[in-house]
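[1] got a predicted structure plus its sequence, pasted below:
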Amino acid sequence: MYKAIDPEYNKAAADTFARRLKDKFQRTLEDSIEQQPTMSSTNESEALSDNVSEAEPIDAKAAYENKAIEKLRYNQDFMEQMQGRGIPWGGILRLLADELPDTIENKSDVAYYLVREALERSFGPRDEAWHTYKQTKRVNLPSG
């Protein structure tokens with residue numbers, strides 16, 4: 001049979017595509033969690049460590065979504081436009097999608113379902129603090 005290269009598992013991990021992918025996802029998650037004030041740094045490092053088996057699991061998708069919403073809330077241009085004439089739903093969707101990490105598939109779909117939550121967190125309940133309406137499509141008629 002074959003002899004194990006590292007029978008005691010004390011060598012560094014091999015540089016494989018899977019390892020690089022795992023590292024990329026780990027860094028993205030760490031960046032998102034840094035923005036969340038609710039998690040203490042001790043819990044954060046325990047939860048992110050590969051060696052801790054009893055750490056509380058982290059909802060990576062929720063962390064990414066929360067970070068995107070918080071970035072939107074602190075976007076000065078967004079807030080000024082919303083307090084002025086408003087922004088179309090699709091414009092808010094694009095802003096949120098831009099804040100989501102590239103590791104998320106279908107960022108536009110995820111962002112679509114975040115728009116309402118982002119508006120409620122930023123301004124309050126729908127139909128009290130903000131509202132939506134459908135715009136009629138513009139038709140450009142030829143002049144003449």
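    Noted; the coordinates are in hand. These numbers were taken from a predicted model, which means no experiment stands behind them. Numbers count the residues shown, from 1 in each chain.
[2] go ahead and flag the most central residue of the protein.
    For the chain, the residue nearest the mean C-alpha position is Tyr64 (2.6 Å; Cα atoms, centre = their mean).
[3] can you give me the buried ones in stretch 118-127?
    If you call a residue buried by 16 or more other Cβ atoms under 10 Å, then stretch 118-127 has these buried ones: Ala118, Leu119, Ser122. Yep, even glycine has a C-beta here, placed from its N, CA and C like the rest.
[4] you'd agree the last one is up against Arg73?
    It stands for Ser122. Yes. In this structure, Ser122 is within contact of Arg73 by Cβ atoms under 8 Å, at 4.9 Å.
[5] now for these two: what residues contact both?
    Residues touching both Ser122 and Arg73 (Cβ atoms under 8 Å, 6 or more residues apart in numbering): Met79.
[6] just checking, which helix or strand of this protein averages the lowest pLDDT?
    Sorting the helices and strands of the chain by mean pLDDT, DSSP states H and E puts helix 41-48 at the bottom, at a mean of 47.
[7] next secondary structure after it?
    The helix or strand immediately downstream of helix 41-48 is helix 60-73, counting by DSSP states H and E.
[8] hmm, who's touching stretch 62-76?
    Contact with stretch 62-76 is made by 28-29, 31-33, 35-36, 78-79, 92, 95-96, 99-101, 104, 110-111, 114, 117-118, 121-122, as judged by Cβ under 8 Å, 6+ apart.
[9] can you pull the contacts of Leu95?
    By Cβ under 8 Å, 6+ apart, Leu95 lies in contact with Leu72, Asn75, Phe78.
[10] count the residues that sit near the first one.
    Counted with other Cβ atoms under 10 Å, the neighbours of Leu72 add up to 23.
[11] how far away is it from Leu95?
    When distance is defined by Cβ to Cβ, to the nearest Å, Leu72 is 6 Å away from Leu95.
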